[in-house]
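*Asks:* take a look and give me a structure for this.
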Amino acid sequence: MKRIVLICSCLLLLPGVSLLPKSLNPSLAKSPSVSEPNSSTLDHGGKIETKYDGFNHETVVTLKKMRITCGGARGLQSTLEQTCVSLVASLHCPGKQLDYVRYAKLQLIFETKDWDKRHPLEERELFVVADGERLRLGRMELVTQNVAGDRGIDVMKEVLEVSVPYQTFDKIARAKTVEIKVGKTVFALQEKNLDALGDLNIRVKF
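*Replies:* Have a look, this model is predicted:
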């Protein structure tokens with residue numbers, strides 16, 4: 001009789017096992033978020049970070065400083081000889097959300113040993129050709145322009161920036177080819193730069 005009671009007790013416990021919440025299953029405890037970027041988008045080498053700016057009450061998603069070219073390429077040596085160019089891009093979303101982008105900001109960083117390579121006020125108009133479409137982004141503002149020592153050699157560093165509507169940035173981020181012209185300086189974004197901008201773009205839900 002005791003054996004029959006024991007068997008019946010075990011049978012009564014079995015249905016309870018199937019009723020346990022699936023979250024207790026270790027294999028289901030962690031599922032990837034739908035907003036998590038695909039691993040293939042991380043091969044560009046750029047660094048993207050998201051921060052809330054309490055002073056300006058906005059969430060900023062930023063592609064940190066990323067090298068574009070150093071010394072010129074494809075016949076552009078005349079405008080970029082001994083000059084390194086880098087890019088910083090940021091998306092500015094009001095409040096604590098990523099559903100709406102108020103505007104985008106682009107920074108171009110020029111580092112050269114030649115002080116004459118700087119961009120005076122009349123040579124700061126920014127033009128972009130994205131997949132053949134010419135976009136005029138306006139006059140860039142000077143953020144910094146100084147000289148720093150690098151292994152005993154003076155290097156001039158110039159940072160220019162411009163704010164653009166998100167729709168304009170979206171065109172650039174989705175393009176397969178992008179050429180940039182600032183004054184007399186002309187260069188093209190590399191594939192890794194385009195991948196990084198595309199990665200930045202998918203971080204928001206606009």
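*Asks:* what sits against the residue nearest to the spatial centre of the chain?
*Replies:* The geometric centre of the chain, computed from its C-alpha atoms, lies nearest to residue 63 (CA atoms, centre = their mean), at 3.1 Å. Counting by CB atoms under 8 Å, 6 or more residues apart in numbering, residue 63 touches 46, 47, 48, 87, 88, 89, 90, 196, 197, 199, 200. All C-beta spots, glycine's among them, are computed from the backbone N, C-alpha and C.
*Asks:* poorly predicted segments of the protein, please.
*Replies:* Applying pLDDT under 70 to the chain flags residues 1-42, 72-81, 149-152, 206.
*Asks:* the helices in this protein, which residues?
*Replies:* Secondary structure of the chain by DSSP state H: the helices cover 2-18, 77-80, 166-174, 191-201.
*Asks:* show me which residues of the last one are buried.
*Replies:* So the one you mean is helix 191-201. Residues 193, 194, 195, 196, 197, 199, 200, 201 are the ones in helix 191-201 that count as buried (16 or more other CB atoms under 10 Å).
*Asks:* not counting that helix itself, show me its contacts.
*Replies:* By CB under 8 Å, 6+ apart, the residues outside helix 191-201 that reach it are 37, 41-46, 48, 61-63, 66, 68, 87, 89, 91, 169-170, 172-178, 189.
*Asks:* just how off-centre is that helix within its chain?
*Replies:* Its chain's C-alpha centre and that of helix 191-201 lie 6 Å apart, by CA atoms, centre = their mean, to the nearest Å.
*Asks:* could you export that helix as PDB, CA atoms only?
*Replies:* C-alpha atoms of helix 191-201 as PDB (Å, rounded to 0.1, in the frame of the first residue of the first chain):
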ATOM      1  CA  GLU A 191      33.900  51.500 -46.500                       C
ATOM      2  CA  LYS A 192      34.600  51.200 -42.800                       C
ATOM      3  CA  ASN A 193      33.400  54.800 -42.300                       C
ATOM      4  CA  LEU A 194      30.200  54.100 -44.200                       C
ATOM      5  CA  ASP A 195      29.600  51.000 -42.100                       C
ATOM      6  CA  ALA A 196      30.100  52.900 -38.900                       C
ATOM      7  CA  LEU A 197      27.700  55.700 -39.900                       C
ATOM      8  CA  GLY A 198      25.200  53.000 -40.900                       C
ATOM      9  CA  ASP A 199      25.700  51.400 -37.500                       C
ATOM     10  CA  LEU A 200      25.200  54.700 -35.700                       C
ATOM     11  CA  ASN A 201      22.000  55.300 -37.700                       C
END
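*Asks:* could you find the closest non-adjacent residue to residue 136?
*Replies:* Spatial nearest neighbour of residue 136, excluding adjacent residues (CB to CB, 6 or more residues apart in numbering): residue 127 at 5.7 Å.
*Asks:* can you check residue 169 too?
*Replies:* residue 104 (3.7 Å).
*Asks:* tell me how many other residues surround that neighbour.
*Replies:* 24 (other CB atoms under 10 Å).
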